[in-house]
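>>> Fold the following.
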Amino acid sequence: MAEQWYRSIPPITRAYATACVVTTLAAHLDIIGPLALYLNVYSVYYQWELWRLVTCFLWFGPFSLSFVFHMYFLIRHSSALEEGSFRGRAGDYLYMLLFGGFLLVLASVVCFYYPALPFIMFLGPALSFMTVYVWSRRNPHSVLNLFGILRFRAPYLPWVLMGLGYILGQDLAHDVLGIAVGHVYFFLEDVYPLKRPGRRLLRTPGFINTMLENITGMDAQVRLHQD
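Numbers count the residues shown, from 1 in each chain. Down below sits the predicted model:
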């Protein structure tokens with residue numbers, strides 16, 4: 001049953017969540033330490049530790065209840081987005097994550113050079129929150145229920161989660177960054193083309209579709225959207 005559920009997760013979400021769990025397991029077994037994973041701007045630029053540009057998105061903390069909640073929200077909303085508005089467009093969904101990741105790294109570098117701003121070493125929670133924001137904006141009529149007490153429409157979900165995090169005393173920097181980057185993507189991909197018909201700024205590069213075709217064999221799905 002667990003295998004069936006795992007295979008039911010759409011491929012991009014499954015790959016990302018699996019990488020997060022494997023990374024956390026490696027840290028739990030002391031194969032690698034979190035200090036080798038976080039976004040250290042100095043190490044990336046001067047020591048060419050380029051893997052940090054990827055691993056900073058794979059660490060959500062050690063195995064704990066918090067980790068379980070992070071994985072739950074990541075898989076739930078990323079799957080809903082990948083199987084919803086991105087159905088048959090795996091290349092576009094991967095490009096959205098890459099675009100969001102690039103903006104998050106850029107924002108983190110800016111914070112690194114301005115000590116007054118909070119520097120975020122691990123960007124996975126922010127990227128996960130970006131998917132929540134984009135999903136909420138693309139499903140404006142969906143009605144959600146929080147703990148059977150609070151009913152609200154999907155566009156309010158990021159703000160409800162951020163408010164809940166504030167009540168629990170969590171750092172909101174990840175949430176704010178995720179909302180900001182998610183809004184940039186939503187505006188460029190959904191709003192701007194409506195104002196300027198025929199123009200799409202975030203067109204997925206062909207090599208991403210080709211890569212997915214070679215890895216997953218999703219040739220028909222990817223090409224269908226491009227045609």
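>>> Quick check, residue 38 in contact with residue 56.
Yes - using CB atoms under 8 Å, residue 38 is in contact with residue 56, at 5.7 Å. Just so you know, the C-beta spots here come from the backbone N, C-alpha and C atoms, and that holds for glycine as well.
>>> Of these two, give the one with the bigger neighbour count.
residue 56 (24 against 17; other CB atoms under 10 Å).
>>> Next, find the distance separating the more buried one from residue 117.
Residue 56 sits 17 Å away from residue 117, taking CB to CB, to the nearest Å as the criterion.
>>> now swap in residue 191 and tell me
27 Å.
>>> Could you report the neighbour count for residue 201?
Residue 201: 10 surrounding residues under other CB under 10 Å.
>>> Show me the strands in the protein, by range?
Counting by DSSP state E, the segments of the chain that form strands are 143-146, 150-153.
>>> Just send these back as TSV, with mean neighbour count, distance to residue 182 and mean pLDDT too.
Below are the strands of the chain laid out as TSV (neighbours: other CB atoms under 10 Å; distance: least, CB to CB, whole Å; pLDDT from 0 to 100):
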stretch	mean neighbour count	distance to residue 182	mean pLDDT
strand 143-146	11	17	84
strand 150-153	12	17	87
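>>> now these as a markdown table including distance to residue 49?
Output for the strands of the chain, formatted as a markdown table (distance: least, CB to CB, whole Å):
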| stretch | distance to residue 49 |
| --- | --- |
| strand 143-146 | 40 |
| strand 150-153 | 43 |
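>>> Provide a list of residue ranges in the chain with pLDDT below threshold.
216-227 (pLDDT under 70).
>>> Can you list the buried residues in the helix ranked longest in the chain?
Assignment by DSSP state H gives helix 90-113 as the longest helix of the chain. For helix 90-113, burial by neighbour count (16 or more other CB atoms under 10 Å) applies to 90-97, 99-101, 103-105, 107-108, 111-112.
>>> What of stretch 203-217?
The neighbour-count check on stretch 203-217 (16+ other CB under 10 Å) flags 204, 208-209, 212-213 as buried.
>>> What ranges does this protein have for its helices?
Here the chain has its helices, by DSSP H, at 2-8, 11-28, 41-47, 52-55, 65-83, 90-113, 124-138, 157-167, 173-186, 192-195, 206-216, 219-226.
>>> could those be laid out in CSV, adding distance to residue 147?
Listed next are the helices of the chain as CSV, based on distance: least, CB to CB, whole Å:
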stretch, distance to residue 147
helix 2-8, 23
helix 11-28, 24
helix 41-47, 39
helix 52-55, 34
helix 65-83, 13
helix 90-113, 28
helix 124-138, 17
helix 157-167, 10
helix 173-186, 19
helix 192-195, 36
helix 206-216, 37
helix 219-226, 37
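>>> circling back to that earlier point, looking just at contacts, which helices and strands does the longest helix of the chain meet?
Judged by 3 or more CB pairs under 8 Å, 6 or more residues apart in numbering; DSSP states H and E, the packing partners of helix 90-113 are helix 11-28, helix 41-47, helix 65-83, helix 124-138, helix 173-186, helix 206-216, helix 219-226.
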